[in-house]
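**Student:** Based on what follows, work out the 3D shape:
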Amino acid sequence: MNNLGKLKFRIILSLRCFGYWVNSLFPFLLPLKNYINGNLFFGVYRYLHDCMIYIFSENKVHSGFKVVFTNSFPIFLDRYDSAGNMPRHYFWQDLWAAEKVYKSKVARHFDIGSRLDGFIAHCLPFCEVVMMDIRPLDISINNLSFLQVDCTNMEEICSDSIFSLSSLHAVEHFGLGRYGDPIDPFGYKKVILEMQRISKLGGDIYLSVPIGYQRLEFNAQRIFDPNTIVNLFDQCELIEFSVIDDANKFHQNARLDDFAYTYYGCGLFHFKKYKLRSIGLI
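**Tutor:** Numbering: from 1, shown residues only. Presented below is the predicted three-dimensional model:
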């Protein structure tokens, strides 16, 4: 990346950082686009307009559902949304990984930190899922087991014991304290070492992390150069690398270097463990 490109990145990241600070301190103010494009103003107008029409109509037909101010639940912006939303990264990554688990025909799959209402829910109809997270889970669902564990040190899980393992949009958070985990600059390396340790030879690992210009966005996440991830999984063979780009478009079987300088993409990595090796953190 040339100097002009780096300057552009710095400006974008600075503005994004400011926006996130505002959103964290005053969450009712964002997304600002709804103020800028006028959607909020028109949404309020349409709400009042529709409410008056409904009251007028209800007085004529007596449907049994009157407008009562103390029961109001105003929603202003849904009319401007599309018929279906695709959460950035999560829609494509959850489908990508769930399809792979399904095709593998495993009876039990282990997961570290992925979304319960996304990827894990996709897998539950066809296999048992053992979900691992540092936070508790007080819910009972058929086919779902749960282990509360710090996944940077899964000493209760035997080495070379798991045939199918995933972690989607989670590794980037380890060691930043966001989820109550201990502060550790090497948190992301430790969980990757543990993922390789507990995986069986010939076992599958499905991973997704934010990719692009490598950086730390404390305390939310790390953004990785795709090559960094491949180098860290040095006990594994890369079977597939796919990408969700800055426009939220899915690219299957991509080249690592083509997406090293995206702004905020998502790298989807399918690894297969092929050797045992003991390595340090640095």
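**Student:** ok, which stretches of the stretch 151-282 of the chain are strands?
**Tutor:** 162-168, 199-211, 215-217, 221-223, 236-244, 250-251, 265-273 (DSSP state E, counting those that start in this stretch).
**Student:** try the stretch 1-150 of the chain
**Tutor:** So, for the stretch 1-150 of the chain - with DSSP E, counting those that start in this stretch - the strands run 108-112, 128-133, 144-148.
**Student:** Next up, the contacts around residue 85.
**Tutor:** Not one residue lies near residue 85 by C-beta atoms under 8 Å, 6 or more residues apart in numbering. C-beta here means a position set from N, CA and C on the backbone, and glycine is covered the same way.
**Student:** could the strands of the stretch 151-282 of the chain be laid out in TSV, adding mean pLDDT?
**Tutor:** What follows is the strands of the stretch 151-282 of the chain, written out as TSV (pLDDT from 0 to 100):
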stretch	mean pLDDT
strand 162-168	98
strand 199-211	97
strand 215-217	93
strand 221-223	96
strand 236-244	98
strand 250-251	97
strand 265-273	98
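**Student:** Low-confidence stretches in the chain?
**Tutor:** 1-2, 23-24, 26-36, 84, 276-282 (pLDDT under 70).
**Student:** Tell me which residue is most central in it.
**Tutor:** Centroid-nearest residue in the chain, with C-alpha atoms, centre = their mean: residue 169, separated by 4.0 Å.
**Student:** surely it meets residue 208?
**Tutor:** Yes - the criterion here is C-beta atoms under 8 Å, and residue 169 meets it with residue 208 at 5.5 Å.
**Student:** Look up how far residue 165 lies from residue 225.
**Tutor:** To residue 165, residue 225 is 23 Å away according to C-beta to C-beta, to the nearest Å.
**Student:** More neighbours: these two, which one.
**Tutor:** Using other C-beta atoms under 10 Å, the more surrounded residue of residue 225 and residue 165 is residue 165, with 23 against 19.
**Student:** Quick one: residues contacting that one.
**Tutor:** If you count contacts by C-beta under 8 Å, 6+ apart, then residue 165 has 109-112, 195, 198-199, 203-206 around it.
**Student:** Just name the most buried of the strands of the stretch 1-150 of the chain.
**Tutor:** For these, the largest average neighbour count (mean count of other C-beta atoms under 10 Å) is found in strand 108-112, namely a mean of 23.
**Student:** which other helices and strands contact that one?
**Tutor:** strand 128-133, strand 162-168, helix 187-198 (3 or more C-beta pairs under 8 Å, 6 or more residues apart in numbering; DSSP states H and E).
**Student:** Name the residues that touch stretch 91-104?
**Tutor:** So stretch 91-104 is contacted by 86, 109, 114-115, 118-119, 122-123, 126-127, 164, 166, 168-169, 204, 206, 208, 242, 244, 248, 250, 266, 268, 270 (C-beta under 8 Å, 6+ apart).
**Student:** Swap in 6 Å and give it another go.
**Tutor:** The contact list for stretch 91-104, computed with C-beta atoms under 6 Å, 6 or more residues apart in numbering, reads 109, 118-119, 122-123, 126, 166, 168, 206, 208, 244, 250, 266, 268.
**Student:** how about that stretch: buried residues?
**Tutor:** By 16 or more other C-beta atoms under 10 Å, the buried positions in stretch 91-104 come out as 91-94, 96-98, 100-101.
**Student:** May I have it as PDB, with CA atoms only?
**Tutor:** Below are the C-alpha coordinates for stretch 91-104, written out as PDB (Å, rounded to 0.1, in the frame of the first residue of the first chain):
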ATOM      1  CA  PHE A  91     -25.100 -14.300   7.000                       C
ATOM      2  CA  TRP A  92     -22.500 -15.600   4.500                       C
ATOM      3  CA  GLN A  93     -20.000 -17.000   7.100                       C
ATOM      4  CA  ASP A  94     -22.700 -19.000   8.900                       C
ATOM      5  CA  LEU A  95     -24.000 -20.500   5.700                       C
ATOM      6  CA  TRP A  96     -20.500 -21.300   4.500                       C
ATOM      7  CA  ALA A  97     -19.500 -23.100   7.700                       C
ATOM      8  CA  ALA A  98     -22.800 -24.900   8.300                       C
ATOM      9  CA  GLU A  99     -22.700 -26.300   4.800                       C
ATOM     10  CA  LYS A 100     -19.200 -27.700   5.400                       C
ATOM     11  CA  VAL A 101     -20.200 -29.300   8.700                       C
ATOM     12  CA  TYR A 102     -23.300 -30.800   7.100                       C
ATOM     13  CA  LYS A 103     -21.300 -32.200   4.200                       C
ATOM     14  CA  SER A 104     -18.800 -33.700   6.600                       C
END
